[in-house]
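S.K.: predicted model follows, preceded by the sequence.
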Amino acid sequence: MATFRVISRTAAVPVPPKKQPRRLSEGWSAFLRFFLAMNIGAWLFVALRTITGSDYTFILLPVFLSFFVTISRGYSFNAIFNTLLSGTPLYFLLTACLTLGYYGFIIIGDLLAHPSSSFAPVILVATVLAWAIMFEPLRVYLQALIERRFNVRDRERARAIDAFVTTLREEIDLAQLCEHFLTVIQQTTGPYLVSFWVRAVTQQQELPASQEEVSVADDDPLLTYLLQHPEATKLNRLLLESPLLQDIKGRKVELLVPLASQGELIGLLLLGLRLDGEEYARADRNVLNTLATQVAPALRVAQMVQEQQAQVRERERIEQEMRTAQAIQHAFLPKEVPALTGWHLVPYYQPAREVGGDFYDFLAFADGRLGLVIGDVTGKGVPAALVMATVHTMLRSAVQGTTSPSEVLARVNDLLIAEIPTGMFVTCFFALLDPQSGHICYANAGHEAPYRWLNGKASELLATGMPLGMLPGACYDEYEAMLAPGECLLLYSDGLVEAHNPAREMFGFPRLQTLLARQHTNETPTIDFVLSELKSFTGEGWEQEDDVTLLALQRLAE
């Protein structure tokens, strides 16, 4: 479905014009108005001559005649004055000469024909009227030639179009473009009602005073016809089985102008009756076609600019939401690292995106033991972060009433089975540390085996188990180990070992084990040492592929 946003304007007149067919009586009506106006002017002149008793009042006869003739034709003196000013000086001079010559010829001819003042006023008036009526068609014809020669009306129209096209080159605001387009249409063609239908590219498209939306089927015959005939079309000439055409005809539209760019219909211009009640001439349609050709590309550019602005706003909104999500996720992570006498504990957390699926936690028990948890949710981003928050809450709930790592993982697995989305799972390593003895009890739910190292020897804390959320009723084996003084333990996520360098080589488990084995010769803290080696391996331009979480635990030498 194509959606059009409608912007409409109505001329500030009390009632719309009525389109009436031309009749022969119109010519007689105009003639009678002209004849009556000439009579009024002539008889007022006679009255003035009778009062003054001077024949020189003939000089004022053109003033009386032109005044009443102008009124009879519905002209405005202000409009006539503006028309004269809008033309060239030569146009003004020719028009003035024609007017003075016309009335001067009548008056001088009348004076020459009746040199004596003995003639009755009615004879003078009758003669003036006869001459005026006789030569009026010639004056009208000559005046029309002058106007056509100097294109007075076309010049006003061209001036308005040129001003609009000049601003069109720099206008990228869609709302302003639509407003200016409707204004120039009203100035150049004078419709009582004009509607501009702009095809909506996005739901966020903003238009001024958009009263309604019109949905049109993409296969509507009228749309196809307008793409094939992109010119101003009279509605009464269209005979199509089109719901859109019926809708438009119901709006009392006389003329339809499509706006197309690069084979795509992006707008429709609908014009109602003209204010003067006349039909749209070929010159009007040519002007509309020219404007449509100019406006269509500019309208498409303005739409593209608005799309980009909407995308920028949407990105800003998403970024703000992601920053909020990041703050919420960080709130789930431990705010402080437990201080253990004789131990050094350092965490590191860096998601690949604003939020991630890795997590770690410290769980303190009443007997002084400390639970160490590290986990990884499949995937990245918001979905993984949501599951991570769920698992974090479940772990906190599962440790209530038990200190067995295997039992805690089994409980979380059973709770997660009913909640986790299909295709997702969670790996998790849970160790329970006794700080006094260095004894650890641990269980693994499919997570990477931690490394322990001392005196240049590194080995894994091996344990097996299904990831959480994959198999209902899964059981987990429990293992024990003892950390000697000076021994270190590293818990990590797969974002470390699965990192790639520019040659697409993987960092890998063997590399990590080798690095940790020789770390005892380096006084750099374990986390800093591992991250430094990772940076050297991946290079400066490395784009982090997955979340990286590290948890380094070292028992200090006695």
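M.R.: Nice, I can see it.

S.K.: so how far is the first residue of stretch 185-193 from its last?
M.R.: 10 Å (CA to CA, to the nearest Å).

S.K.: use 17 as the first number for this chain going forward.
M.R.: Sounds good: first residue 17 from here, last item stretch 201-209.

S.K.: buried ones in it, by neighbour count?
M.R.: By 16 or more other CB atoms under 10 Å, the buried positions in stretch 201-209 come out as Ile201, Gln202, Thr204, Thr205, Gly206, Pro207, Tyr208, Leu209. No exception for glycine: its C-beta is placed from N, CA and C like everyone else's.

S.K.: chain center to it: distance?
M.R.: Centroid displacement of stretch 201-209 relative to its chain, using CA atoms, centre = their mean, to the nearest Å, is 28 Å.

S.K.: same deal with stretch 357-366?
M.R.: Distance, centroid of stretch 357-366 to centroid of chain: 50 Å (CA atoms, centre = their mean).

S.K.: in the stretch 367-516 of the chain, which spans are helices?
M.R.: 397-414, 421-433, 510-513 (DSSP state H, counting those that start in this stretch).

S.K.: mind listing which of the buried residues of stretch 201-209 are in helices?
M.R.: With helices taken from DSSP state H, the overlap with these comprises Ile201, Gln202, Thr204, Thr205.

S.K.: save those as CSV, and put in pLDDT and distance to Leu388 too.
M.R.: Output for these, formatted as CSV (pLDDT from 0 to 100; distance: CB to CB, whole Å):
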residue, pLDDT, distance to Leu388
Ile201, 83, 74
Gln202, 81, 76
Thr204, 80, 79
Thr205, 81, 80
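
S.K.: elements contacting the one helix or strand Val317 maps to?
M.R.: Taking DSSP states H and E as the definition, Val317 sits inside helix 298-348. In terms of contacts (3 or more CB pairs under 8 Å, 6 or more residues apart in numbering; DSSP states H and E), helix 298-348 is packed against helix 168-184, helix 190-205, strand 271-277, strand 280-287, helix 397-414.

S.K.: which of those sits closest to Thr306?
M.R.: helix 168-184 (7.3 Å; CB to CB).

S.K.: where does the stretch 17-166 of the chain dip in pLDDT?
M.R.: 28-108, 123, 126-145, 148-149, 162-166 (pLDDT under 70).

S.K.: an error on my part: the question was meant for the chain.
M.R.: 28-108, 123, 126-145, 148-149, 162-174, 176, 184-187, 218-227, 536-538.

S.K.: residue contacts, Val273?
M.R.: Glu247, Ala248, Thr249, Leu284, Leu285, Leu286, Leu287, Leu304, Asn305, Ala308 (CB atoms under 8 Å, 6 or more residues apart in numbering).

S.K.: closest to Arg369 out of the residues you listed?
M.R.: Nearest to Arg369 among the contacts of Val273, counting by CB to CB, is Leu284 at 44.2 Å.

S.K.: tell me the bridge partners for that closest one.
M.R.: Beta bridges link Leu284 to Trp213, Pro274, judged by DSSP bridges.

S.K.: relative to Thr554, how far out is it?
M.R.: Using CB to CB, to the nearest Å, one obtains 56 Å as the distance from Leu284 to Thr554.

S.K.: neighbour-wise, which of these two wins?
M.R.: More crowded of Leu284 and Thr554, by other CB atoms under 10 Å: Leu284, with 26 against 18.

S.K.: identify the residues contacting the more buried one.
M.R.: Phe20, Phe212, Trp213, Leu242, Leu272, Val273, Pro274, Leu275.

S.K.: state the pair within those that is farthest apart.
M.R.: Longest span within the contacts of Leu284, CB to CB: Phe212 and Leu242, 14.7 Å.

S.K.: shouldn't Asn429 be in contact with Leu484?
M.R.: Yes. Using CB atoms under 8 Å, Asn429 is in contact with Leu484, at 4.7 Å.
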